[in-house]
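# Give me a model of this one.
(2 chains)
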There are 2 protein chains.
Amino acid sequence: MRVVVVGGGFGGLQAVRSLEGAPVELTLIDRQNYHLFQPLVYQVATGALSPAEIASPLRGILKRQKNVHVLLAEVSAFDLERRFVYVNELPNGENGVAIPYDVLIVSAGSRYSYFGHDEWQARAPELKSLEGAVDIRARILTAFEAAEVERDETRRKAWLTFVVVGAGPTGVEIAGQIAELARDTLPNDFRSMDPRSARVLLVETADRVLTTFPASLSKKAEAALEKLGVTTLLGHTVVDVGPELVLMQTSDGDKENVPARTVIWAAGVTASGLAAELARAAGTELDRAGRVTVGPQLTLPGHAEVFAIGDMVRVSDEGGAIVPLPGLAPVAMQQGRFVARVLRDRLQGKEGRSFRYVDKGNLATIGRSKAVADIKGLRLTGFLAWMTWLLVHLVYLVGLQNRLLVLVRWTFSFITHGRGARLITGRARSTG
Amino acid sequence: MRVVVVGGGFGGLQAVRSLEGAPVELTLIDRQNYHLFQPLVYQVATGALSPAEIASPLRGILKRQKNVHVLLAEVSAFDLERRFVYVNELPNGENGVAIPYDVLIVSAGSRYSYFGHDEWQARAPELKSLEGAVDIRARILTAFEAAEVERDETRRKAWLTFVVVGAGPTGVEIAGQIAELARDTLPNDFRSMDPRSARVLLVETADRVLTTFPASLSKKAEAALEKLGVTTLLGHTVVDVGPELVLMQTSDGDKENVPARTVIWAAGVTASGLAAELARAAGTELDRAGRVTVGPQLTLPGHAEVFAIGDMVRVSDEGGAIVPLPGLAPVAMQQGRFVARVLRDRLQGKEGRSFRYVDKGNLATIGRSKAVADIKGLRLTGFLAWMTWLLVHLVYLVGLQNRLLVLVRWTFSFITHGRGARLITGRARSTG
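Numbering: from 1, shown residues only, chains lettered A, B, ... in the order given. Prediction:
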């Protein structure tokens, strides 16, 4: 049986690994050659970690699993009738290749949406990919460099204003990190200006941060952010991003223009474009977040051989009602393992299981020694939540080497307040 | 006294640090925000190390040295009469800024030259900068990805042929690393082709590798390279680099076309363009390697207030004869410290010292457990030389954190034959 898995993120990789030893021929297709530990991407953006420390080469992870081929390519379309996956370019430059499957598992994830304004992306890069994080790192550090040489007070203020759009876990975490960078790491680095005068604005349309957490934890997170020096602008929506300005609108309809040179986007999650490809091929609809709907076995309606998992899908139960699931790594990982179990069952002629998510909790860190955790109703804050966060993230990182490297970096950051990987690379230095 | 230092490499950084506490106002100008440990750049190119592990932010290194300003900018020209350094763009976008000095120290290093064929650079990137190394890493790894999907035998062979131009320490080291990558790290990563069939060609115009070492060590290095699977082509010169071919000419005049998709450039050292700017401003000549000549105090003729150091200069003694010095980090570092001493002497009204290089030895590694060392006439090879190489490089890396991180990576590589940082990032994947 030929099983094609699209996407080497949490869901796809878990599905592949859970099929180790199964009598199937696996092909894992990803447009990157590495599995990315996305929950820590924001730490690359402030130089706390280096890209390779949170990414593991897929071939390395799977080198001992002999029933899997890895293919570095970008999937462009599906033919569900003839059972083909199309990829648009192979590494050797070959085009228009069709890969046949008996079973297809699509786990292509999500990205941030720009509320229909993709033209903002150049000014407000998304904090999701490694490339995005390295770009943001260069912008943040260059903004401080620019403030150091800028003699005009107004313009210097704009260089020292950082706008983070979206107060989900990533937005909260990067806002906290930038504030710490400015207050703890950089003060002795500059001579002509004080990095502590930097302003970090966290803009959120909802009336609280971390809306997937209980409201009491949102309040604690807001208080912790404020203590770090982050200004939380709740009920604010970004309506325009100009070359040197960000225009916001409050829930009352008031508009406010903020001069800011650095804008970081972590809002408006939308499913991968492959969800739309799947929906088109299957003749179904997408929801407002661009997700395709799968049934209780995580298969497309009418296509028991096509699974889709992770935050590009929503799951309906046996009665057709949507099961609310957060867009988190544990959901994707459990779905990956579930699909592998379903396939193994089918190979033995068994049928019938439905996916059930086991909620192991929800974690977000706000800065040095501070985090919030909601674990099966147990609500933790402060140092204990932070230690939990640290441990969980170290354990789920792929590979002993990366765990050790990240531990070394975190230990140094904790002791010295430093951020060793604050390099400006990969783009023109000037954002002026 | 205003002292402007151009370049935060080994020479410039050492000059700055040796002036700690001196009654001078220092400005260190670099176009990068980090000090790069260049002797290990080649390890980034094969994924053995990650960029941030061999680079340290200059501001971080100097944060406690209160008499230094760091400026992120590229120097474009000098006005030696009016004593100004011109930079072409500040981080805030400001242009055409002139920075006044009383004393100028230029340490802008060197780069590889393409024998007058700069058009080859796009096909054969240089192994010198971090960006170059990340680019080369992506090309090497993509070549293996391409070979995995390529069904045509001839074309696959071209994807699996790696040409390294120049057999100085960098060329020897990268050739050895690619051979090890192919033979030790990758064999289990692929399913459709055998990475061990990769060919690594090390092309050198001279009749031996490592010409700065004694001939007996060159022989040992050649034998070690051969054992690793590197084909050394001595007396060969690259005369053309086409899209899929490399044309070489032997010392007998024979020409040979080698189909190769990956070409790495580590030949033809030429001084930074700022050497020419200095020579022009001072009205002196450059040598064939583009270096400007300085006197025994490392100053420009007629400009006792302008020092130039490192591998962008050649040094003449009191009688005007050229002192032969290798283009190595220890030379630049000793020159940096020397200039600082001369300045401190001058501040006390003393004069007269001349630069003397203390040769501490010469090291190059060829692969796992193999190296050659020439230390004050003591010639080491094999494991002992390799341990010496490891220790020296760890000690000279800047910062305890980076030393620990590199030690973790090397330990894992040694035990597992793995290379954890083999990510394809920063460029289009296909080189096809």
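
# my guess is A:L397 meets A:L407, correct?
No - the pair A:L397 / A:L407 is not scored as a contact, 9.5 Å apart, by Cβ atoms under 8 Å. Yep, even glycine has a C-beta here, placed from its N, CA and C like the rest.

# which of those two has more neighbours?
Remark: of A:L397 and A:L407, A:L397 carries more neighbours, 21 against 14, as counted by other Cβ atoms under 10 Å in any protein chain shown.

# Backbone torsions only: list them for that one.
When read as degrees, to the nearest 10, the backbone of A:L397 gives phi -60, psi 140.

# Quickly note the distance from it to chain B.
12 Å (Cβ to the nearest Cβ, to the nearest Å).

# need the helices for the stretch 201-350 of chain A, in chain order.
Taking DSSP state H, counting those that start in this stretch as the test, the helices found in the stretch 201-350 of chain A are A:215-228, A:273-282, A:329-347.

# Quick one: closest of those to chain B.
Closest approach to chain B among the helices of the stretch 201-350 of chain A is made by helix A:273-282 (17.9 Å; Cβ to the nearest Cβ).

# now for that closest one, which elements pack on it?
For helix A:273-282, the packing partners by 3 or more Cβ pairs under 8 Å, 6 or more residues apart in numbering or on different chains; DSSP states H and E come out as strand A:75-79, strand A:292-294, strand A:303-308.

# Buried ones in it, by neighbour count?
Within helix A:273-282, the residues scored as buried using 16 or more other Cβ atoms under 10 Å in any protein chain shown are A:L274, A:A275, A:A276, A:E277, A:L278, A:A279, A:A281, A:A282.

# Save the helices of the stretch 201-350 of chain A as JSON lines, and put in mean pLDDT too.
Converted to JSON lines, the helices of the stretch 201-350 of chain A look like this (pLDDT from 0 to 100):
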{"stretch": "helix A:215-228", "mean pLDDT": "96"}
{"stretch": "helix A:273-282", "mean pLDDT": "95"}
{"stretch": "helix A:329-347", "mean pLDDT": "97"}
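
# give me every residue that touches A:G7.
By Cβ atoms under 8 Å, 6 or more residues apart in numbering or on different chains, the contact set of A:G7 is A:I29, A:D30, A:V106, A:S107, A:A108, A:G109, A:S272, A:G310.

# switch to 10 Å and redo it
By Cβ atoms under 10 Å, 6 or more residues apart in numbering or on different chains, the contact list for A:G7 reads A:13, A:15, A:28-32, A:35, A:75, A:105-109, A:272, A:274, A:308-310, A:312, A:332, A:336.

# And for A:I375?
A:D359, A:K360, A:G361, A:N362, A:L363, A:A385, A:T388, A:V392.

# Helix A:215-228 and the helix or strand containing the fifth one, what's the angle between them?
Secondary-structure element containing A:L363, defined by DSSP states H and E: strand A:362-367. Between the axes of strand A:362-367 and helix A:215-228, defined by axes from the mean of the first three to the mean of the last three Cα atoms, to 10 degrees, the angle is 20 degrees.

# Quick one: list the elements packing against strand A:362-367.
Packing partners of strand A:362-367 (3 or more Cβ pairs under 10 Å, 6 or more residues apart in numbering or on different chains; DSSP states H and E): helix A:169-180, helix A:215-228, strand A:370-375, helix A:382-396.

# how close does the residue in the stretch 1-150 of chain A positioned nearest to chain B sit to B:W159?
Chain B sits closest to A:G93 of the stretch 1-150 of chain A, with a gap of 2.1 Å, by Cβ to the nearest Cβ. Separation of A:G93 from B:W159 (Cβ to Cβ, to the nearest Å): 10 Å.

# A:S369 too?
Per Cβ to Cβ, A:S369 is found 50 Å from B:W159.

# Same check on A:H417?
Plainly put, A:H417 is 47 Å away from B:W159 if you go by Cβ to Cβ.

# Neighbour count: these two, which is higher?
Comparing A:H417 with B:W159 by neighbour count (other Cβ under 10 Å), the higher total belongs to B:W159, at 28 against 16.

# OK, contacts around that one?
B:W159 touches A:91-92, B:142-150, B:152, B:193, B:198, B:244, B:259-262, B:431-432, counting by Cβ under 10 Å, 6+ apart.

# which non-adjacent residue is nearest it?
In space, and not counting its chain neighbours, B:W159 is closest to B:A147: 4.1 Å by Cβ to Cβ, 6 or more residues apart in numbering or on different chains.

# Next one: that neighbour, what pLDDT does it get?
According to the prediction, B:A147 has pLDDT 98.

# Toward the C-terminus, what is the element adjacent to the strand or helix carrying it?
Per DSSP H and E: B:A147 is located in helix B:130-149. Per DSSP H and E, helix B:130-149 leads on to helix B:153-159 as the next helix or strand towards the C-terminus.

# Return the set of buried residues in that following helix.
By neighbour count on 16+ other Cβ under 10 Å, the buried set for helix B:153-159 is B:R155, B:R156, B:K157, B:A158, B:W159.

# ditto for stretch A:178-189
In stretch A:178-189, counting by 16+ other Cβ under 10 Å, buried: A:I178, A:A179, A:E180, A:L181, A:A182, A:R183, A:D184, A:T185, A:L186, A:D189.

# does chain B sit close to that stretch?
Yes - Stretch A:178-189 lies within reach of chain B by Cβ under 10 Å from any Cβ of the partner chain, at A:T185, A:L186, A:P187, A:N188, A:D189.

# Which of these fall in helices?
Secondary structure assignment (DSSP state H) places none of the residues of stretch A:178-189 next to chain B within helices.

# farthest-separated two in those residues?
The span of these, defined through Cβ to Cβ, is set by A:T185 and A:N188 at 9.0 Å.

# in chain A, which ranges drop under the pLDDT threshold?
Within chain A, the segments meeting pLDDT under 70 span A:426-432.

# Kindly state the domain boundaries assigned to it.
Chain A breaks down by automatic domain parsing into domains covering A:2-31+A:73-112+A:270-347, A:118-267.

# Off-centre distance for the first one?
When you say that, I think you mean domain A:2-31+A:73-112+A:270-347. In this view, domain A:2-31+A:73-112+A:270-347 has its centroid 18 Å away from the chain centroid, taken as Cα atoms, centre = their mean, to the nearest Å.

# Understood, closing this out.
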